[in-house]
Structure formats: structure tokens, C-alpha cells
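Engineer: Model the structure of this input:
(one chain, ligands or ions: 1)
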Amino acid sequence: MPSAIAQISHASCPETSSISSAPRTLQLRTYLKPEPALYFGNKITDELASLLKKLDADCIYLVTNRVLMNLYGNTILEAIRRKGMKCNFVIIQDSEDNKNFRTLENLCESLVEQNVSKASVILGLGGGCLTNIAGLAAGLIFRGIRYVEMPTTLMGVTDSCLSNKQAVNGAHGKNHFGMYYAPAFILCDTHYLVSEPIAGKKAAMAEWIKNGLISDASLAGSFDFALQRPLEAWSELDFHDLAYRMICSKLKILEKDPSEKGSAVTLEYGHTFGHAIEFLSHGRIHHGVAVAKGMCIAAELACRLGYISRAIVDRHYHLLGTLLGLDLSIPQEIAVDDILSAMSSDNKKTLGGTKFVLLKRIGECLNPDGDYQVSVDPAVVRSVLTKYKECFAQRVA
Ligand SMILES: NC(=O)c1ccc[n+]([C@@H]2O[C@H](COP(=O)([O-])OP(=O)(O)OC[C@H]3O[C@@H](n4cnc5c(N)ncnc54)[C@H](O)[C@@H]3O)[C@@H](O)[C@H]2O)c1
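Structural biologist: Numbers count the residues shown, from 1 in each chain. Now for the predicted structure:
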């Protein structure tokens, strides 16, 4: 571990509003199994080459997209080569519509053509889409070569890198093909968030709001204050502090259930509806925005079933719609039947049919069967979804 890096556990992690005075690079615990090292800081990419050097690779293969290559990739390549390591790169198309087998196969084959070996390291630099594809390629090539993840979006830094989950979409739905594959380490440099468009950051913040709604009433109560200033006015360090708080909100959940098979299943709140809507939009609706819609529909469902009050549903609309400014409607061209059909192939479906993570109250989820999911009559799901779509359509008309 480079001397500039301070190791901390999440016990000292959360309730501070600013970590600007903390050591420049923090090593955080992720609690995942296996547990990758997670380095977090602002303008810390100069630590990367030293960390990579320890992996003693025959070659580092940087995988990124054209825009990020020009913004950051070339500098990274130079820094790695300056440290005496061999480094090649592969550019891929990383939009949601390209998060599929074709892109994955092309990437794997280009790496093999470039002589990737068991001793090589793949370095994924990008948002959640890109790192999901690069991580899956690393898991597949020669049955697994080492992977280093460098997320460049707020979603990547605070959510997707904290899962070991790598996947691509299939013809019938999101993330149908993938595996758990842990990176050797994750380096989160919040400096990259400067160039991420505000829309992507807002979408990522929907997952933060989710973490409060499912697990922490006090966090859920703090959003009004946190979001009172328009994001356009936030500085680089404001987003750095925010990223830290967002990471901590997820780590608190993972610490209790690192396997994500028990209480951490609640992280999927809003995702069953959300994934279907995201998939059917062919990438036009950002993952976080689709999850925000999914949470509101899940809240309507819980309210219809008598589990939560109308006030809690309205709290969803206030936080995600009014405060964060996300569009919570379902586009006209996405039919309820298609959403139901996409949901029927959801990766969380079991023999008992599609189940839903639903709130019991703000900060707590229902857990009637011990798996933190609730079976719901499909006719009720259809009815809630149809009414939800119509209500928004009428508001616009
Ligand atoms: N594995 C997991 O557990 C997990 C969790 C959450 C989300 N995800 C996945 O992550 C994806 C969404 O990720 P995302 O929100 O990072 O979006 P994204 O990866 O789709 O990136 C959005 C756009 O931002 C661009 N971009 C990325 N970083 C940038 C930067 N610093 N400056 C300028 N442009 C930049 C990308 O090139 C892309 O065009 C979805 O596919 C979702 O399924 C996975």
C-alpha cells in the first residue's frame, strides 16, 4: 500500500459532511467476498502505476471508450509506461444498447489478438456499462485474468463497483449473462466526475435515495437539506464528499450481508420494474432514472397492498421528482404488456414467479418469507402499472 494511502473501516466513514481534510487516498473496506481493495480519493490517479506495478503483469490492457481515452486514457497509458510496464489499449462502444454479447466477444477477441496472457491485467476505465463489460471479459478470458476497475461516473464510483457483478444484456432483458468476478483492486478518482454530465450524476443519486429509503430513515430525512442547492452549482469537492457519503450508505448495507443473499437483496428496490423499463428504452432511459421510476411504482404497489401510506408514496415523488428533477413517467411507446413480459425474465425470478422488494416503512423493507421479497398477485401488478402509466400521461396531456 503506498504510504499516502490511509486505511479506514466504515466505522469512521459515514456521518461527516466533508472529508476534504481526510488523507488524500483512503482505502475503504467493501465487505464483498472476495473483497477487492477499494482506493478512494480526489486526483489520485498518480497512485495507479505503483499499485499496478505490484501486480507484476506482463502487460496492462486499458479498456475504455473513445471519449474517455482522449480525456484521461492517454495520460494513464503514459504514466503506466513511464513506470516501465507494457500497456496496450482497446476502445469499445459502451452504450447500454452495446452492452451485449457482440461487444463482449469483439473485446475478448481483440485482446487475444493483442496477445493477452494469463499474466496480463485488464484495466476497465469508464461508467458502469463499460466496467461491467470489461470485468466480464476479464472473468472469461482463459477462465479468468486479473481485472482492475476505474469507475468514471458517480454511479460507477458509488454503486456498480461495489458489487463484483459483471454482466451484459441479453435479447430479453438486462444483465442476463454475467458472473461475480472480483477486481484485484478498484481505484475511484472523483476527479473524473468533473466531466460527467449532470444528468448521469442525478441518475446515480437515485440509488443513494434508494439506500436511505430501504435502510436508513435518518439518511432519507437528510436529502431535502443535501439537495437544496442545484447540482449545477456544486464544486468538484462537493461531488467528492457526496460520492463518499453515497459509498458509505451502500457499504453499511453490504457490511451486514456481503453475499447480497439476505438483507442486501433490498438494494434491488425498484430494479425489477426499473430494469424492464431501462431495457425496453434501448438505452434512452438511464439506469438510475429507470430505477427511480421503478421505486415509485414499487411504492404505489406497496400502498395498494396496504403496506405503506400514501404519504410515503408522495415522499418518493418529492425526493426523486421534485428535488432531484427526474422524469418519473413511463414513455408512451413502452407498453405495460412489454414491461410485464420483460419482468417475467428478470434475473431475480424464481419458481414462485416475480417477487418484489417493498417498503414496510421509510428505512425498512418487508420480509414476510425471510428473503426480503414479497410475492404479489400478477393482476395487481398489472393494475398498478397501468394506473401509474396513465396518471403520468394525463398529467402531461
Ligand atoms: N454491477 C452492478 O452492480 C451495477 C450497479 C449499478 C449499475 N450498473 C450498470 O451500470 C450501467 C450504468 O452506469 P453509469 O451510470 O455509469 O452510465 P454509463 O456507463 O452508461 O455511462 C453513461 C455515459 O457517460 C459517459 N461517461 C462515463 N464517464 C464519463 C466521464 N467521466 N466524463 C464524461 N463522460 C463519461 C459514458 O461514456 C457513457 O456515454 C448500467 O448498465 C447498469 O446496469 C451495474
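
Engineer: where in this protein is pLDDT low?
Structural biologist: Along the chain, the model assigns pLDDT under 70 to residues 1-23, 347-352, 396-397.

Engineer: Spatially central residue in it, please.
Structural biologist: Nearest residue to the geometric centre of the chain (C-alpha atoms, centre = their mean): Ser160, 3.1 Å.

Engineer: quick one, phi psi at that residue?
Structural biologist: Main-chain torsions, Ser160, degrees, to the nearest 10: phi -70, psi -30.

Engineer: That one: what's its closest spatial neighbour, skipping adjacent residues?
Structural biologist: Gly128 (3.6 Å; C-beta to C-beta, 6 or more residues apart in numbering). C-beta coordinates here come from the backbone N, C-alpha and C atoms, glycine included.

Engineer: surely the one you found meets Gly156?
Structural biologist: Yes - contact criterion C-beta atoms under 8 Å: Gly128 and Gly156 qualify, at 5.0 Å.

Engineer: Of these two, which one has the most company?
Structural biologist: Ranked by neighbour count (other C-beta atoms under 10 Å), Gly128 and Gly156 place Gly156 first, with 30 against 26.

Engineer: Now do the contacts for the residue in the stretch 251-397 of the chain that the ligand sits nearest to.
Structural biologist: Residue nearest to the ligand within the stretch 251-397 of the chain (C-beta to the nearest ligand atom): His287, separated by 4.0 Å. Residues near His287 by C-beta atoms under 8 Å, 6 or more residues apart in numbering: Glu96, Gly128, Met155, Ala203, Gly274, Glu278.

Engineer: The same query, at a cut-off of 7 Å, please.
Structural biologist: Listed by C-beta atoms under 7 Å, 6 or more residues apart in numbering, the contact set of His287 reads Gly128, Met155, Ala203, Glu278.

Engineer: The first one and Val157 touch, don't they?
Structural biologist: No - counting by C-beta atoms under 7 Å, Gly128 does not reach Val157; the two are 9.7 Å apart.

Engineer: quick one, helices of this structure?
Structural biologist: 48-53, 66-68, 74-82, 101-113, 128-140, 154-155, 198-215, 217-226, 236-256, 271-280, 287-304, 310-316, 336-344, 378-396 (DSSP state H).

Engineer: Pipe those helices into TSV and attach distance to Asn164 per row.
Structural biologist: Formatted as TSV, the helices of the chain follow (distance: least, C-beta to C-beta, whole Å):
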stretch	distance to Asn164
helix 48-53	18
helix 66-68	22
helix 74-82	23
helix 101-113	17
helix 128-140	8
helix 154-155	16
helix 198-215	17
helix 217-226	24
helix 236-256	10
helix 271-280	17
helix 287-304	18
helix 310-316	29
helix 336-344	25
helix 378-396	30
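
Engineer: So which bits of the stretch 101-250 of the chain are right by the ligand?
Structural biologist: Listed as neighbours of the ligand in the stretch 101-250 of the chain under the rule C-beta under 6 Å from any ligand atom: 126-130, 132, 152-153, 155-156, 159-160, 163, 165, 175, 192, 195-196, 200, 203-204.
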